[in-house]
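Visitor: Predicted model follows, preceded by the sequence.
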Amino acid sequence: MPPQYLPAADRYQALPYRRCGKSGLKLPAISLGLWHNFGDVDALATGRQTLHLAFDNGITHFDLANNYGPPPGSAELNFGKVLAQDFAAYRDELIISTKAGYGMWEGPYGEWGSRKYLLASLDQSLKRMGLEYVDIFYHHRPDPDTPLEESMGALAHAVRQGKALYVGLSNYGPEEAQKAIGLLREMGTPCLIHQPKYSMLVRDPEAGLLDVLGAEGVGCIPFSPLAQGLLSDKYLQGIPDDSRAASSTGFLQREQVTPTVVAQLQQLNTVAQARGQSLAQMALAWLLKDDRVTSVLVGASRPAQLADSLHCLQNLNFSADELARIEQILQKPADTAAA
């Protein structure tokens, strides 16, 4: 048996906590996402060490979904093993979230947003993790063919059942989110949080979504804040052989890493170095500069990656000149922007 895990006594001194919208819940500025790196294809011992490091540094929020792995479901199963072994005594100090929306099992009831699928998926997730409830249950993506009232009604029902404390949305556009938030409020289960894809290189939430969340008092927790690793040191000289972009199976494709993008990354890296940060650390801090952003979801294939991300918290302030320079780099093609 592995030795008994004892978390750091000073873990709540390590990072700031931010109120999630207008709710009573606070989240750590950095949360740990288990999208990659916790499936059966990964080393459980490494995942366990990463979870330990996270909690030792005050990361109380662990984010999952029914289909995380690979294979689908394995991230929840593996997290459940570590939870039972190391974190059972600290359950009330943790925020554990899961989601349903993408394909999870065969047949017409295994994805999207029906009441049948959402509630069955939540039951399966609780069983895999060995939990009585999750803290946050998300609808992972909007369903164009199911009435929004049905999907939101399923989320509200999960709270009434005691199987979720809060509910959230993910991948909803501003108009869809506005409607869903209104429906949940009418049902007596306010929407706690929205999880969009958001980074320096993917800025869709700035086109209305952040304004909706701010006005409605809903938190925001961006995923893919490093654009699948593009906003890191890894691609400053092109595509390494061991990178996600070099693999045809990853979400980051080789054709996305163009010479123009590489030049853009190099210029952003120059700004980061002047701030005393790595490119990845600056990219995380750049998201956290907006007070509508409650927390940022980071992934980590090993503890050192998470430790590096945590260093972003040492400099969250940007000068007007820094923001203007970053905006110039992001808005203009890097090969024509001023050096």
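Guide: Done, it's in.
Visitor: Tell me how many other residues surround residue 182.
Guide: 14 (other Cβ atoms under 10 Å). Heads up, the C-betas are built off the backbone N, CA and C, glycines and all.
Visitor: how near is it to residue 176?
Guide: 11 Å (Cβ to Cβ, to the nearest Å).
Visitor: With residue 31 instead?
Guide: 23 Å.
Visitor: more crowded one of those two?
Guide: Counted by other Cβ under 10 Å, residue 31 and residue 176 do not tie: residue 31 has more neighbours, with 22 against 17.
Visitor: Just the buried positions in the one helix or strand the more buried one maps to, please.
Guide: Assigned by DSSP states H and E, residue 31 belongs to strand 30-33. By neighbour count on 16 or more other Cβ atoms under 10 Å, the buried set for strand 30-33 is 30, 31, 32, 33.
Visitor: ditto for stretch 301-316
Guide: 301, 303, 305, 306, 308, 309, 310, 312, 313.
Visitor: Likewise for stretch 69-80?
Guide: Residues of stretch 69-80 classed as buried: 69, 72, 73, 74, 75, 76, 77, 78, 79, 80 (neighbour count, 16+ other Cβ under 10 Å).
Visitor: Also stretch 197-216?
Guide: 197, 198, 199, 200, 201, 202, 205, 209, 210, 212, 213, 216.
Visitor: What pLDDT is listed against the nearest residue to residue 292 once chain neighbours are set aside?
Guide: In space, residue 292 comes closest to residue 214 once its chain neighbours are excluded; the distance is 4.6 Å by Cβ to Cβ, 6 or more residues apart in numbering. Per-residue confidence (pLDDT) for residue 214: 98.
Visitor: tell me the SS of residue 9?
Guide: Following DSSP: H, G, I helix; E, B strand; the rest coil, we place residue 9 in the coil state.
Visitor: What separation do you get for it and residue 87?
Guide: For residue 9, the distance to residue 87 (Cβ to Cβ) stands at 16 Å.
Visitor: So which of the two has more stuff around it?
Guide: Comparing residue 9 with residue 87 by other Cβ under 10 Å, the one with more neighbours is residue 87, at 19 against 8.
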